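A.B. asks: Let's see this in three dimensions:
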Amino acid sequence: MPVLNEAAYLERAVRTVLAQAVDGPSEIVLALGPSTDGTTEIAHRLAAADRRILLVDNPGVDIPKGLNLAIRASRHPTIVRVDAHSELSPGYVRAALATLARTRAANVGGVMRADGHSPFQRAVARAYNSPIGLGGGAYHGGAEAGEAESAYLGVMRRDVLEEVGLFDETVRRGEDWELNLRIRRAGYRVWFDPSLSVTYWPRESWVRLARQFRATGAWRGELVRRYGRRNSLRFFAPPALVVTIAAAIVVGLLQLARVLGGRASALASIIYLPLLAYLALLGVVTAGRGGGRGWRDRFWTLVVLPTMHLAWGAGFLSGLVAGAHGTVDTSRLGSRNTPLP
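C.D. replies: Numbers count the residues shown, from 1 in each chain. Have a look, this model is predicted:
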């Protein structure tokens, strides 16, 4: 478990891991970044109370660096990736180990069930759980078990991880997708099991959500630069929306300045049609069951969905054009995600 500034979530996350029934020895390794909110003190208190908890320092901060440090510090043949912002459902590990053995896969994952405490966080959770929000990846609500492109968190065979070289530490976001690509290219299977579920607590504020999605989009753009069409088509929808909005603004300004007129103006106005369709889709989702209950839920749904799409799409375009090597997810802190240069 890579950990950075998770004082509000860490203890509960660790408790759900320790509560897992496993046939044989187990341990939980926390890779501690330089937190400033008391997270490190909580981790040391938990470790002092339970010998199964091992702590390692992650001065490099980035998630793949922390994961690799934790994997190298661990001792057992199966690696269960967990997240400080998540809670494992009862029986998760035992069921995942059974699926791993039955399918002979290298990595097994289940459903990420987002949830929230506040109206805003619940709106983000609804967006995560909806194909409208995150594009319909299997682990956001798939119903059929089978081979998958990637896995949420993942229960992995250590020998395969070591064979493919663990996590790529040059990939700050999307490291799970990139790892699973290498696993599949090495001839192994990644398996989705909808009976497995993990509760995920998304970002609690609009600013943090926008920062998270911009960074995630930038790294997806970087991964497209590296791997091209091995990326799913659904990743290209948000940047297409951003480009369409930019084009519509340009057309609108030209029409207001009377640079475009007559037949040319009418033809250029076609650019508004996909935006009208997008606004209609937002309205339908917000007014329907996906919008939640009451005006407050529906308001935040209407705010959250375009925030996710536009921040992710803008980040994608910047990552595609210029790369994402200097991009960090600043949603964990007020300004930076790392004290390092």
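
A.B. asks: count of neighbours near the residue nearest to residue 90 when sequence neighbours are not counted?
C.D. replies: Counting by C-beta to C-beta, 6 or more residues apart in numbering, residue 19 is the residue found nearest to residue 90 once chain neighbours are left out, at 7.0 Å. For the C-beta atoms, the positions are set from N, CA and C on the backbone; glycine is no exception. Residues lying near residue 19 (other C-beta atoms under 10 Å) number 13.

A.B. asks: Just confirm residue 19 contacts residue 92, I think it does.
C.D. replies: No: using C-beta atoms under 8 Å, residue 19 is not in contact with residue 92; the gap is 9.7 Å.

A.B. asks: Mean confidence (pLDDT) on stretch 320-328, please.
C.D. replies: Across stretch 320-328, pLDDT averages out at 88.

A.B. asks: Tell me how far it lies from the chain's centre.
C.D. replies: Distance of stretch 320-328 from its chain centroid, counting by C-alpha atoms, centre = their mean, to the nearest Å, is 17 Å.

A.B. asks: Provide the contact partners of it at residue level.
C.D. replies: With contact meaning C-beta atoms under 8 Å, 6 or more residues apart in numbering, stretch 320-328 is reached by 62, 170, 172-173, 215, 218-219, 221-222, 224-225, 239, 315, 318-319, 336-338.

A.B. asks: Also stretch 155-166?
C.D. replies: Taking C-beta under 8 Å, 6+ apart as the rule, stretch 155-166 contacts 67-68, 71-72, 76-81, 93, 96-97, 99-100, 106-109, 179, 182-183, 186, 188.

A.B. asks: Just the buried subset of the contacts of stretch 320-328, please.
C.D. replies: Buried by 16 or more other C-beta atoms under 10 Å: 62, 172-173, 215, 218-219, 221-222, 224, 239, 315, 318-319, 337-338, out of the contacts of stretch 320-328.

A.B. asks: farthest pair in those residues?
C.D. replies: 239 and 338 (26.0 Å; C-beta to C-beta).

A.B. asks: which residue ranges form the helices in the protein?
C.D. replies: In the chain, the helices defined using DSSP state H lie at 10-18, 39-49, 63-73, 92-103, 119-129, 131-134, 158-164, 175-185, 206-227, 237-256, 262-268, 272-287, 294-322.

A.B. asks: Check which residues of the longest strand belonging to the chain are buried.
C.D. replies: Longest strand of the chain, by residue count under DSSP state E: strand 190-200. For strand 190-200, the neighbour count (16+ other C-beta under 10 Å) marks 190-193, 196-200 as buried.

A.B. asks: Include pLDDT and distance to residue 262 when you put those into CSV, please.
C.D. replies: Below are the buried residues of strand 190-200 laid out as CSV (pLDDT from 0 to 100; distance: C-beta to C-beta, whole Å):
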residue, pLDDT, distance to residue 262
190, 96, 55
191, 96, 58
192, 95, 54
193, 94, 59
196, 93, 60
197, 91, 57
198, 93, 57
199, 93, 57
200, 92, 53
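
A.B. asks: What is the nearest of those residues to residue 243?
C.D. replies: For the buried residues of strand 190-200, the nearest to residue 243 is residue 200 (29.8 Å; C-beta to C-beta).

A.B. asks: quick one: that closest one from residue 110, how far?
C.D. replies: Distance of residue 200 to residue 110, given as C-beta to C-beta, to the nearest Å: 11 Å.

A.B. asks: Equivalent analysis for residue 4, please.
C.D. replies: Applying C-beta to C-beta, the value for residue 4 to residue 110 is 24 Å.

A.B. asks: more crowded one of these two?
C.D. replies: Each of residue 4 and residue 110 has its neighbours counted (other C-beta under 10 Å); residue 110 has more, 28 against 24.
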